[in-house]
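Trainee: I would like to see how this sequence folds:
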Amino acid sequence: MKIAGLIVAAGRGKRAGGGIPKQYRDLAGQPVLRRAVNALLKHQGVEAVQVVIHSDDINEYENAVNGIKGVLPACIGGAERQDSVLAGLIALKSYAPELVLIHDAARPLVSLNIIEQVVNALATHAGAFPALPAVDALWRGGDTIETSEAREGLWRAQTPQGFRFGDILVAHENLPVPALDDVAVAHAAGLVVAITQGDEDNFKITTPEDFNRAEKAIRGTMDIRTGNGFDVHKFGEGDHVTLCGINSPHSHGLVGHSDADVAMHTVTDAIFGALSEGDIGQWFPPSDIQWKAAASDIFLLKAVERATDRGFTITHIDCTIICETPKIGPHALTMRRRIAEIIRIDLDRISIKATTSEKLGFTGRGEGIAAMATATLVKT
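Mentor: The predicted model follows:
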């Protein structure tokens with residue numbers, strides 16, 4: 001069953017404040033939109049997500065989804081939500097999914113269970129959506145009450161709202177009047193739509209207070225991990241050493257099967273350690289000739305890929321290089337920039353520092369360089 005996600009992210013979200021559209025604001029270390037995209041991709045059947053954006057938000061969008069596998073090229077939305085959904089459905093025609101899950105960018109806390117219930121309901125219905133029953137007393141009025149409304153049979157709709165792709169595309173293309181949401185579009189087209197169980201945590205971020213609520217919910221479900229790495233390489237022939245991907249002139253080189261970047265190896269091991277996925281030697285055995293003289297960014301990129309595939313965000317790297325020479329200080333900023341570029345996180349989340357061993361041990365005798373690192377990973 002080929003399933004695609006469609007996330008509507010073209011709105012302005014002015015009621016949420018913050019100076020930028022709410023879908024691009026930070027929520028516990030990640031943009032709201034990034035969390036919404038990753039939430040859909042957690043379902044094993046969802047291999048692609050189409051995001052519909054405002055034409056003014058291209059740069060913000062690219063930053064928000066950078067590095068996420070399965071995100072299709074964005075398309076530009078319209079003046080109303082239904083215009084944006086139609087634009088997204090048309091963009092998905094070439095992908096040809098059997099099912100589509102239409103989701104609000106401002107619902108970043110949707111659970112895998114909610115998504116699975118919607119998908120399962122589509123086996124017997126043309127559409128399905130999560131909802132919660134109205135449990136409070138309902139009144140109609142302005143400044144004062146006018147009349148009460150019965151709450152029996154009333155539901156608070158959430159997203160994702162799932163449909164058979166061909167059905168909902170035709171329904172949108174032939175919509176006679178504006179509709180509140182995609183369930184309304186489907187209903188107007190005569191499609192039978194099932195109701196599945198919603199969740200209070202799957203709320204739509206609308207106001208500044210909602211950001212506080214969402215952050216509290218995320219903090220309560222975080223998987224925070226740390227990993228440590230340590231590596232050593234001895235000096236040999238050469239005129240430079242490579243540390244954190246940066247070549248520094250030196251009287252000797254470092255000896256190793258790859259480029260002997262002891263610092264980058266250490267950072268890589270720290271990430272693998274946080275994931276409990278072994279070490280760099282298990283992933284890239286020194287006995288394998290293909291890694292002879294290989295650039296160590298290959299190894300680090302694999303560790304980053306594994307973290308992303310398992311839903312983790314690398315939030316901080318701290319690496320200490322231990323040597324008498326060469327001097328690390330003049331190159332530390334350049335090294336930080338290179339590691340930040342590879343991992344794709346902000347520079348202020350990368351620490352590269354150096355120390356000596358006070359002339360003690362093999363580093364003190366100038367026989368080589370050691371490095372140790374700590375990586376912090378977070379999954380929400």
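Trainee: starting at the chain centroid, how far to the helix or strand hosting residue 316?
Mentor: Assessed by DSSP states H and E, residue 316 sits inside strand 313-322. From the chain centre to the centre of strand 313-322 is a distance of 20 Å (Cα atoms, centre = their mean, to the nearest Å).
Trainee: also stretch 266-282?
Mentor: With Cα atoms, centre = their mean, you get 21 Å for stretch 266-282.
Trainee: what's the closest non-adjacent residue to residue 273?
Mentor: Nearest residue to residue 273 in three dimensions, chain neighbours excluded: residue 227, at 3.0 Å (Cβ to Cβ, 6 or more residues apart in numbering). The way it works is simple: take the backbone N, C-alpha and C, and place the C-beta from them, glycine included.
Trainee: now do the same contact list for that neighbour.
Mentor: Residues near residue 227 by Cβ atoms under 8 Å, 6 or more residues apart in numbering: 269-275, 374-375, 377.
Trainee: related to what we said a few turns ago, what is the rounded mean pLDDT of the strand holding residue 316?
Mentor: Averaging pLDDT along strand 313-322 yields 96.
Trainee: what comes up buried for the very next helix or strand once past it?
Mentor: Downstream of strand 313-322, the first helix or strand assigned by DSSP H and E is helix 332-343. By neighbour count with 16 or more other Cβ atoms under 10 Å, helix 332-343 contains the buried residues 332, 335-340, 342-343.
Trainee: residue contacts, the closest residue to residue 57 other than its chain neighbours?
Mentor: Among residues not flanking residue 57 along the chain, residue 21 sits closest, at 6.4 Å (Cβ to Cβ, 6+ apart). Neighbouring residues of residue 21 by Cβ under 8 Å, 6+ apart: 9, 11-13, 54, 57, 60.
Trainee: how does it look with 10 Å?
Mentor: Neighbour list for residue 21: 9-14, 32-33, 53-54, 56-57, 60-61, 105-106 [criterion: Cβ atoms under 10 Å, 6 or more residues apart in numbering].
Trainee: and the pLDDT at it?
Mentor: So residue 21 comes in at 92 (pLDDT).
Trainee: also residue 380?
Mentor: For residue 380, the predicted pLDDT is 65.
Trainee: which SS class is residue 151?
Mentor: Under DSSP: H, G, I helix; E, B strand; the rest coil, the three-state class of residue 151 is coil.
Trainee: paired strands for the strand holding residue 316, with orientation please.
Mentor: Strand pairing for strand 313-322, determined by DSSP bridges: strand 350-355 (parallel), strand 368-379 (antiparallel).
Trainee: so for residue 134, which of these sits nearest?
Mentor: strand 368-379 (33.9 Å; Cβ to Cβ).
Trainee: buried sites along the closest one?
Mentor: 368-378.
Trainee: before we move on, which element is residue 274 in?
Mentor: In the assignment (DSSP H and E), residue 274 maps to helix 262-275.
Trainee: do the same with residue 129
Mentor: Assigned by DSSP H and E, residue 129 belongs to strand 127-133.
Trainee: can you name every helix or strand that that strand contacts?
Mentor: Packed against strand 127-133 by the contact rule (3 or more Cβ pairs under 10 Å, 6 or more residues apart in numbering; DSSP states H and E) you find strand 99-104, helix 112-121, strand 155-157, strand 161-164, helix 165-173, helix 182-188, strand 193-197.
Trainee: for the ones you listed, which one sits closest to residue 324?
Mentor: Nearest to residue 324 among the helices and strands packed on strand 127-133 is helix 112-121; the distance by Cβ to Cβ comes to 51.8 Å.
Trainee: who are the neighbours in contact with residue 368?
Mentor: The contact partners of residue 368, by Cβ under 10 Å, 6+ apart, come to 232-236, 241, 252, 254-255, 260, 262, 322-323, 361-362.
Trainee: that one pairs with what?
Mentor: Following DSSP bridges, residue 368 is listed with bridge partners residue 234.
Trainee: that one and residue 329, how far apart?
Mentor: Noted for residue 368: a distance of 19 Å to residue 329, by Cβ to Cβ, to the nearest Å.
Trainee: residue 283 now?
Mentor: Relative to residue 329, residue 283 is positioned 31 Å away (Cβ to Cβ).
Trainee: so between these two, which is more surrounded?
Mentor: Between residue 283 and residue 329, counting by other Cβ atoms under 10 Å, residue 283 is the more crowded of the two (16 against 10).
Trainee: my read is that the more buried one contacts residue 268, right?
Mentor: Yes: counting by Cβ atoms under 10 Å, residue 268 is a contact partner of residue 283 at 8.5 Å.
Trainee: ok so, going back, which of the contacts of residue 368 are buried?
Mentor: 232-233, 235, 241, 252, 254, 260, 262, 322-323.
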